[in-house]
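Participant: Any chance you could fold what I've pasted below:
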Amino acid sequence: MAEIKIEHYEFGKIIINQKIYTSDIKIFAGKIIPNWWRKEGHCLCIEDIKDLLETNPQILIVGCGANSMMKVLPEVTDYCKQNNIQLYSLDTVSAVKKFNLLYPQKTKMLAGCFHLTC
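Facilitator: Purely as a prediction, here's the structure:
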């Protein structure tokens with residue numbers, strides 16, 4: 001599994017392992033999934049992260065946008081509680097910092113999804 005390091009985030013852009021992404025992304029199981037779209041743009045539901053959840057992470061970090069405009073629906077919060085997944089729902093700047101802090105120790109147990117704009 002390759003090391004994943006988020007090197008930089010700013011509104012609408014994230015740089016991971018020297019590659020620039022300009023659309024929302026998911027990171028799980030050592031992979032970066034670009035061009036992530038949600039069923040409803042500013043709501044996060046189970047269906048939006050089903051593939052991520054199937055990897056059974058212990059920690060899920062959600063970057064809700066620069067101004068935290070994306071809302072994590074109760075079904076996601078409930079799922080995480082029922083499945084002992086520690087959920088961090090943060091503005092994307094804070095989510096990136098949390099991801100980088102936890103990733104070296106929790107590589108196989110950590111997943112993240114990041115909304116890059118509002």
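Participant: For Met69, give its distance to Leu87.
Facilitator: 18 Å (Cβ to Cβ, to the nearest Å). Heads up, the C-betas are built off the backbone N, CA and C, glycines and all.
Participant: swap that for Cys118, please
Facilitator: Look at Cys118 and Leu87: by Cβ to Cβ, they are 21 Å apart.
Participant: Centre of the chain to stretch 8-26, how far?
Facilitator: 12 Å (Cα atoms, centre = their mean, to the nearest Å).
Participant: gap between the two ends of that stretch?
Facilitator: Counting by Cα to Cα, to the nearest Å, you get 16 Å between the two ends of stretch 8-26.
Participant: List the neighbours of that stretch that are in contact with it.
Facilitator: 2-7, 27, 32-38, 49, 51-52, 63, 66, 92-93, 96, 111-117 (Cβ atoms under 8 Å, 6 or more residues apart in numbering).
Participant: So which bits of that stretch are buried?
Facilitator: Tyr9, Ile14, Ile16, Tyr21, Asp24, Ile25, Lys26 (16 or more other Cβ atoms under 10 Å).
Participant: Leaving out the residues flanking it, which one is nearest to Gln86?
Facilitator: Ile59 (4.7 Å; Cβ to Cβ, 6 or more residues apart in numbering).
Participant: Tell me the bridge partners for the one you found.
Facilitator: Gln86, Leu110 (DSSP bridges).
Participant: List the buried residues in the host helix or strand of Leu101.
Facilitator: Leu101 belongs to helix 92-106 when assigned by DSSP states H and E. Residues of helix 92-106 classed as buried by neighbour count (16+ other Cβ under 10 Å): Thr92, Ala95, Val96, Lys98, Phe99, Leu102, Tyr103.
Participant: and that helix, what's its mean pLDDT?
Facilitator: The pLDDT scores in helix 92-106 average 93.
Participant: Could I have the CA atoms of it written out in CSV?
Facilitator: Provided in CSV are the C-alpha atoms of helix 92-106 (Å, rounded to 0.1, in the frame of the first residue of the first chain):
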residue,chain,number,x,y,z
THR,A,92,-11.8,20.5,4.9
VAL,A,93,-8.8,22.4,6.2
SER,A,94,-9.2,20.7,9.6
ALA,A,95,-10.0,17.3,8.0
VAL,A,96,-6.8,17.4,5.9
LYS,A,97,-4.8,18.1,9.1
LYS,A,98,-6.5,15.3,11.0
PHE,A,99,-6.0,12.9,8.1
ASN,A,100,-2.3,13.7,7.9
LEU,A,101,-2.0,13.3,11.6
LEU,A,102,-3.7,9.9,11.8
TYR,A,103,-2.6,8.4,8.5
PRO,A,104,0.9,7.2,9.4
GLN,A,105,-0.4,5.3,12.4
LYS,A,106,-3.8,4.1,11.0
